[in-house]
Each structure stands twice: as C-alpha cells, then as structure tokens.
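**Student:** predicted model and sequence below, questions to follow.
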Amino acid sequence: DAGVIQSPRHEVTEMGQEVTLRCKPISGHNSLFWYRQTMMRGLELLIYFNNNVPIDDSGMPEDRFSAKMPNASFSTLKIQPSEPRDSAVYFCASSQALGGTEAFFGQGTRLTVV
Amino acid sequence: GESVGLHLPTLSVQEGDNSIINCAYSNSASDYFIWYKQESGKGPQFIIDIRSNMDKRQGQRVTVLLNKTVKHLSLQIAATQPGDSAVYFCAEKASGTYKYIFGTGTRLKVLA
C-alpha cells in the first residue's frame, strides 16, 4: 500500500484565495483525521471522520475552514478565504478503527499564504 | 514582531547509548497512548503503542512505560543510532472519544 497520499506537497497562495488540500486514506481504513502543525501550536486536530461522516469538527479554527469526505477514498480540506496565519503544514491521517489503533500519517501539505 | 514558537526540549545522546524520552499526559481518562517519530519534512510515523491496562510494552529496540498514577509516559530507545534523530511525540486518546491529542514533542539528537 502506498500509505496516506496528500496533495499538493507544497502550496503557495495569496491572501484571500481559496485553497483546497486533498487526501487519499489507506484503503480499508474507515477513520480519517486532519491535523495542522505550526511552531506556535504544535500538532492540532482539526476534524475527523468515521465512515465518511464528520464526527467532531470542534478543532476547525473558524468558518473559513471546511472539510468533506465524499467517499471512503477521498477527503478535502478547504480554506476560503485564506489568510497568512493559516500558513502551516497540514497532515491527513487514517486508521482502521475509530480509536484504539494507530493513525497513519501522510507526508503533509506545506501551505504558505502570502 | 518576531513570533515565539513552542520550545521543544532537546535530548542529546551519544550513539550507542540508551535514550529515554518522557511525556506527561493530561487526561486521567485516557486509555490509549502512542509514540510517534517525526523526521524533518515528513509526517509522524508510528513507533509503539500501549493501552491503559498495561504498564510496559516492548518493541524492537523500543520500550514504552506507562505510569497512570502520575500520568507519565516514557519511551526508551536502546542503542541509539543516528537514524533515531528526530522529534518524538506522545499522543493520548481519552476513553469514549476518538481524538488523538499530541504533546509538544521532544527533539532527539544523536551525537556521533
């Protein structure tokens, strides 16, 4: 298995633009997590899904952020409009079961908003 | 102004020595714990896990110890190698939830 696949690896965008980050979880995994990593706040859980359904989005910073999981093999995290303080590395992770097993992380998308 | 980032504690060890990385977790209701290793430019990578009904678990060159009384977790790496240089995170999951909450991390530097 190729592991969790994220795209793009790097994204540079101007403030105010829409940004869409993409994730393909490991086949057979039914839980998916979006994390954000910054020097200021470390690794923060933004939202997680189980069987394509959002379970907890309390970590989403504000309404500019939204996430979808239209099917078991694809998820998106969208920021609209983007702001410089959104600059971070965004990780997607998946696991076989919701809680109780390890989550496997993708390589991350480094987002820079200028 | 200059932003102030998280201060990552750093552990420096000589190659071949044993390393012990510590983590204090916050929630006494946490029932599952994981250690992750993150190398520069990569995502966190699973090392070892432990459930709250255990106090010790061993893997290949790694051992995790759990002390629920003082809410403390440690990762021991035997015969530390240059490839072990990375940032190590502990993560906890509270019983009844599915959130993995990560600690701030410890940077391990292996000296040749």
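**Tutor:** Yes, it's here.

**Student:** once you drop chain neighbours, what's closest to the most centrally placed residue in chain A?
**Tutor:** Residue closest to the average C-alpha location in chain A (Cα atoms, centre = their mean): residue A:34, at 3.2 Å. Nearest residue to residue A:34, sequence neighbours excluded (Cβ to Cβ, 6 or more residues apart in numbering or on different chains): residue A:46, at 4.4 Å. In this view, the C-beta of every residue, glycine as well, is placed from N, C-alpha and C.

**Student:** now stretch B:70-78: buried residues?
**Tutor:** Buried positions in stretch B:70-78, judged by neighbour count with 16 or more other Cβ atoms under 10 Å in any protein chain shown: B:73, B:75-77.

**Student:** got a pLDDT number for residue B:99?
**Tutor:** pLDDT recorded at residue B:99 is 77.

**Student:** what is the burial count for it?
**Tutor:** Residues near residue B:99, counting by other Cβ atoms under 10 Å in any protein chain shown, number 17.

**Student:** can you tell me the element the nearest residue to it once chain neighbours are set aside falls in?
**Tutor:** Counting by Cβ to Cβ, 6+ apart, residue B:99 lies nearest to residue A:45, which is 5.7 Å off, once chain neighbours are set aside. Assigned by DSSP states H and E, residue A:45 falls within strand A:42-50.

**Student:** remind me what that strand packs against, helices and strands.
**Tutor:** If you count contacts as 3 or more Cβ pairs under 8 Å, 6 or more residues apart in numbering or on different chains; DSSP states H and E, strand A:42-50 packs onto strand A:31-38, strand A:53-56, strand A:65-71, strand A:74-79, strand B:100-102.

**Student:** contact partners of the third one?
**Tutor:** Applying Cβ atoms under 8 Å, 6 or more residues apart in numbering or on different chains, the set of residues contacting strand A:65-71 from outside is A:32, A:34, A:46-47, A:49, A:52-54, A:57, A:60, A:75-80.

**Student:** list the buried residues of it.
**Tutor:** Result for strand A:65-71 [16+ other Cβ under 10 Å]: buried residues A:65, A:67, A:69.
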